[in-house]
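1. Kindly return the folded structure for what I paste below:
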Amino acid sequence: VKRVGEGAAGDSQVVRGVVCRKNVVHRRMASRHENPRVVLLLGALEYQRVSNRLSSLDTLLDQEREYLRVEVARITAHNPHVLLVEKTVARYAQELLLWH
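-> Numbering: from 1, shown residues only. The predicted model follows:
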């Protein structure tokens, strides 16, 4: 039993299954789904830069965008309604997910 400190007592109901209370990343993303397909992602959805290598900023940005495009394509191939990520999600990955 989970008590959420919002609403009136009459608003309470029993929910069978799993309930996650987390805000959506973008207001255009759906906040409710019946029988959703869920993808759980361990770690972060971001580009890991190598700190001891010198490279131009443009090259780094291109590499990061390409990496995130590939990763988001791998995720969206499963057609999830909900994506739960353990750690952070890069802003560019959020934008890509919004449009899929």
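2. In which helix or strand does the spatially most central residue of the chain reside?
-> The centroid of the chain falls nearest to L83 when counting by CA atoms, centre = their mean (4.7 Å). According to DSSP states H and E, L83 maps onto strand 82-85.
3. Could you list the residues in contact with that strand?
-> Residues outside strand 82-85 that contact it (CB atoms under 8 Å, 6 or more residues apart in numbering) are 20, 22, 33, 36-41, 43-45, 75, 97. To be clear about C-beta, it is placed using only N, CA and C from the backbone, and glycine gets the same treatment.
4. In ChimeraX, select just the buried ones from those.
-> A single ChimeraX command is used to select the members of those judged buried by 16 or more other CB atoms under 10 Å:
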select :39,45,75,97
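5. Looking at the contacts of strand 82-85, spot the one nearest Q63.
-> Checking the contacts of strand 82-85 against Q63 with CB to CB, the nearest one is L45 at 15.3 Å.
6. what's the distance between that closest one and V18?
-> As for L45, its distance to V18 is 22 Å (criterion: CB to CB, to the nearest Å).
7. Repeat that for L68.
-> L68 is 28 Å from V18, by CB to CB.
8. Who has more neighbours out of those two?
-> Higher neighbour count among L68 and V18: L68, with 22 against 6, using other CB atoms under 10 Å.
9. which element is the more buried one on?
-> Applying DSSP H and E, one finds L68 within helix 57-76.
10. Now find how far off-centre that helix is within its chain.
-> With CA atoms, centre = their mean, to the nearest Å as the basis, helix 57-76 stands 15 Å off its chain's centre.
11. before we move on, what about stretch 63-79?
-> Here stretch 63-79 is found 12 Å from its chain centre; the criterion is CA atoms, centre = their mean.
12. Dump the C-alpha coordinates for it into PDB.
-> Below are the C-alpha coordinates for stretch 63-79, written out as PDB (Å, rounded to 0.1, in the frame of the first residue of the first chain):
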ATOM      1  CA  GLN A  63      30.000  12.000 -32.200                       C
ATOM      2  CA  GLU A  64      27.600  12.600 -29.300                       C
ATOM      3  CA  ARG A  65      24.600  13.200 -31.600                       C
ATOM      4  CA  GLU A  66      25.400  10.100 -33.800                       C
ATOM      5  CA  TYR A  67      25.800   7.900 -30.700                       C
ATOM      6  CA  LEU A  68      22.600   9.100 -29.200                       C
ATOM      7  CA  ARG A  69      20.700   8.700 -32.500                       C
ATOM      8  CA  VAL A  70      21.900   5.000 -32.700                       C
ATOM      9  CA  GLU A  71      21.000   4.400 -29.000                       C
ATOM     10  CA  VAL A  72      17.500   5.900 -29.300                       C
ATOM     11  CA  ALA A  73      16.900   3.900 -32.500                       C
ATOM     12  CA  ARG A  74      17.800   0.700 -30.600                       C
ATOM     13  CA  ILE A  75      15.300   1.700 -27.900                       C
ATOM     14  CA  THR A  76      12.500   2.800 -30.100                       C
ATOM     15  CA  ALA A  77      12.800  -0.400 -32.200                       C
ATOM     16  CA  HIS A  78      11.000  -2.100 -29.300                       C
ATOM     17  CA  ASN A  79       8.100   0.500 -29.500                       C
END
